[in-house]
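Enquirer: requesting a structural model of the entry that follows:
(2 chains)
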Amino acid sequence: MDTNSKYNFKWGDLGDIELGRPNLGTSTDVVVYRLMQYTMRDVLEKHWGPEKTNDFFIESGYKAGSEFCKNVLDYSLDFDGFVANLTMNLEKFGIGILRIEKADLEKLSFTLTVSEDLDCSGLPYSGVAFCDYDEGFIAGIMNFYTKKKFRVKEIDCWGTGDRTCRFTVDAIDQ
Amino acid sequence: MDLESKDGLHWIHVILNSLRTGKSERAISLFNLREAELSSRAEYSVFLADFRKFILQYSAGATCLKAIALGKLDIEPPTDPLRENDMFAQYKQLHSNLLHLTWQSQQIAKGDLQQRVRFMGDFSVAFNTMIEKLRVKEKLKEQIRIQNEDLQRLNAEKDKFFSIIAHDLKSPFNAIMGFSELLAEQVKQKDMDGIDKYADIIVQASGKAVNLLMNLMEWSRSQTGRIAFTPAELNLFEIVSQTSDLLYAAAMQKSIALEVAVMDDIRVFADTAMLSTILRNLISNAIKYTRSGGKITIAARKENKEVLISVSDTGVGIPQNMIERLFRIDDNYTTSGTQDEQGTGLGLILCREFVEKHGGKIWVESKRARGSDFYFTLPDF
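Expert: Residues are numbered from 1 along each chain as shown, chains lettered A, B, ... in the order given. Okay, here's the model as predicted:
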């Protein structure tokens, strides 16, 4: 990490999009989002290698997840209410369709799927799971909500030939 | 059975039949058993590689489907390493749908009737209709529960009303009639001994009866929605002084000091009649439960956008376990005063109702043998 960096992301840095885009609106094409993400991955991998690049994506996803939870989600709700709120907002922002497959609230261990995922849905088979950013995003949300650290692992992805992204989400014993 | 006498085609049929009847392990073992023999024949050599893959895939798919059909969802659906078999993707999707449906059903069982299924075609329509019907049913149950509570409250109010009519109102009239007769008898006989005491008792009993009748009338009007609520700007000091003046004689009779500690610049937004009733009841109660030589203080102060008014006495106090019951009509608590004054408990219920009509709160803090502080809030003007 560049310790000389003075930039520290704040939600306000996203600006007033409605004000700035009175005609084009607050949404854009998924192609544009992916174009930025995959060209950035290309450049980062060339400079830092695939492993380090994955770490960058996970770390930035984590920060995004925390800020998304803090600024968009209602984290005062109980778990069931929070899941409903999260599901609604992930769809509202066009991020994906969340579904819980398994939930162990005592162990804070979950299996969830994100269909029509913003990052990877429709990608051809490559044998590689692409959603490192999503892993961080989910971990960031869960950490902000529960104040516990989580290990999030993508086990199915469009990149590995599946038609939905599947994640295991487990609290890390501290 | 003589395996050696059968030709290759026969064994392919036997293997396929094993697959069809769900005996996939037998199909695999039969294939392994005959593979070397069949490979030696030129007509099968090309076909066998594909047939092996087919058996393995079919077998994995059948095992998965069988588990799903039995509701055993703790399986890992098979993966197709070559990504050629769309059937496996469908199994995985079906498995995922059922897992999510199980989770949704668990949420519904916990009472979350907002869950909706958005997959599996007609099933989702039927499932969502069922949940909607459940939700409507739960809503109806809740409405019935509220109506039952209202009915219970109304019944308790009716019981209270009859109890007051039957007992509490009868007591002062018995005293008035009894001592009036005694008074009339003695006057006829020119026996003036003790008649001044009789007259005092008649006056006191009449006062109690009038007070009770006033409360009953106001309560009855408030219950039937016939009481007017017309809040206006009021000088609190004036209302407190007028009410305490009316009760000054009763306090003097028990040698109780009645102090008004309200600044004359405090204004409230309140209904005059209701505020007078609240003060009259709280001060009367304080007089009733304070022994001779005690003190009653009426004070007020502004707090945020409200005025906090207190009626404090140095009386007998209220047991902690009875405090909650003071303001409830269905579980009302009342005791005799220090000079055996009788009460109905209706006064405090009226107070709560009138205070709440103003958007205020009423509560009491009390210590046995040390006295009680009744507080209520009204909107500031």
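Enquirer: ok, longest helix in chain B?
Expert: Criterion DSSP state H: the longest helix present in chain B is helix B:121-163.
Enquirer: list the helices and strands that one packs on?
Expert: Applying 3 or more Cβ pairs under 8 Å, 6 or more residues apart in numbering or on different chains; DSSP states H and E, we find helix B:121-163 packed against helix B:195-223. Yep, even glycine has a C-beta here, placed from its N, CA and C like the rest.
Enquirer: toward the C-terminus, what is the element adjacent to the helix it packs on?
Expert: Scanning forward in sequence from helix B:195-223 by DSSP states H and E, the next helix or strand is strand B:232-235.
Enquirer: what about the residue in the stretch 51-200 of chain B that chain A sits nearest to, neighbour count?
Expert: Distance from chain A to each residue of the stretch 51-200 of chain B (Cβ to the nearest Cβ) is smallest for B:L99, at 3.9 Å. Using other Cβ atoms under 10 Å in any protein chain shown, the number of residues around B:L99 comes to 18.
Enquirer: ok and the longest helix of chain B relative to helix B:195-223, angle-wise?
Expert: Put simply, helix B:121-163 runs at 160 degrees to helix B:195-223, going by axes from the mean of the first three to the mean of the last three Cα atoms, to 10 degrees.
Enquirer: and helix B:121-163, average pLDDT?
Expert: Averaged over helix B:121-163, pLDDT sits at 88.
Enquirer: contact residues of chain A facing chain B?
Expert: The interface of chain A toward chain B, taken as Cβ under 8 Å from any Cβ of the partner chain, is made up of A:80, A:84, A:99-103, A:111, A:113, A:125, A:156, A:161-164, A:166.
Enquirer: confidence score at the residue of chain A most remote from its centre?
Expert: Distance from the centre of chain A peaks at A:N23, with 28.1 Å (Cα atoms, centre = their mean). pLDDT, A:N23: 94.
Enquirer: helix or strand: which one has it?
Expert: Using DSSP H and E, no helix or strand contains A:N23.
Enquirer: any idea how far chain B is from it?
Expert: 33 Å (Cβ to the nearest Cβ, to the nearest Å).
Enquirer: returning to what we had before: selecting buried members of the residues of chain A next to chain B in ChimeraX, what would you type?
Expert: Here is the ChimeraX selection string for the buried members of these, based on 16 or more other Cβ atoms under 10 Å in any protein chain shown:
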select /A:80,84,99,100,101,102,103,111,113,156,161,162,163,164,166
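Enquirer: which members of the residues of chain A next to chain B are the farthest-apart pair?
Expert: Of all pairs drawn from those, the greatest distance, 35.8 Å, lies between A:D80 and A:Y125 (Cβ to Cβ).
Enquirer: got phi/psi on whichever residue of chain A sits closest to chain B?
Expert: With Cβ to the nearest Cβ, the shortest gap between chain A and chain B falls at A:E101, namely 3.9 Å. Backbone dihedrals for A:E101, given as degrees, to the nearest 10, come out at phi -100, psi -40.
Enquirer: ok, for it, nearest residue in space, not its chain neighbours?
Expert: Spatial nearest neighbour of A:E101, excluding adjacent residues (Cβ to Cβ, 6 or more residues apart in numbering or on different chains): B:L99 at 3.9 Å.
Enquirer: secondary structure element for the one you found?
Expert: Taking DSSP H and E as the criterion, B:L99 maps to helix B:86-109.
Enquirer: next: B:L258.
Expert: Using DSSP H and E, B:L258 sits in strand B:257-261.
Enquirer: buried ones in that strand?
Expert: Those would be B:L258, for strand B:257-261 by 16+ other Cβ under 10 Å.
Enquirer: that older thread, C-alpha coordinates for the helix holding B:L99, PDB please?
Expert: C-alpha atoms of helix B:86-109 as PDB (Å, rounded to 0.1, in the frame of the first residue of the first chain):
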ATOM      1  CA  ASP B  86     -26.500 -28.500 -19.500                       C
ATOM      2  CA  MET B  87     -28.400 -31.000 -17.400                       C
ATOM      3  CA  PHE B  88     -25.900 -30.500 -14.600                       C
ATOM      4  CA  ALA B  89     -26.400 -26.700 -14.600                       C
ATOM      5  CA  GLN B  90     -30.200 -27.400 -14.300                       C
ATOM      6  CA  TYR B  91     -29.600 -29.800 -11.400                       C
ATOM      7  CA  LYS B  92     -27.500 -27.100  -9.600                       C
ATOM      8  CA  GLN B  93     -30.200 -24.500 -10.300                       C
ATOM      9  CA  LEU B  94     -32.900 -26.800  -9.000                       C
ATOM     10  CA  HIS B  95     -30.800 -27.500  -5.900                       C
ATOM     11  CA  SER B  96     -30.200 -23.800  -5.300                       C
ATOM     12  CA  ASN B  97     -33.900 -23.000  -5.700                       C
ATOM     13  CA  LEU B  98     -34.900 -25.600  -3.200                       C
ATOM     14  CA  LEU B  99     -32.200 -24.500  -0.700                       C
ATOM     15  CA  HIS B 100     -33.400 -20.900  -1.000                       C
ATOM     16  CA  LEU B 101     -37.100 -22.000  -0.800                       C
ATOM     17  CA  THR B 102     -36.200 -23.900   2.400                       C
ATOM     18  CA  TRP B 103     -34.600 -20.800   3.800                       C
ATOM     19  CA  GLN B 104     -37.700 -18.700   2.800                       C
ATOM     20  CA  SER B 105     -40.000 -21.200   4.400                       C
ATOM     21  CA  GLN B 106     -38.000 -21.000   7.600                       C
ATOM     22  CA  GLN B 107     -38.300 -17.200   7.600                       C
ATOM     23  CA  ILE B 108     -42.100 -17.500   7.000                       C
ATOM     24  CA  ALA B 109     -42.300 -20.000   9.900                       C
END
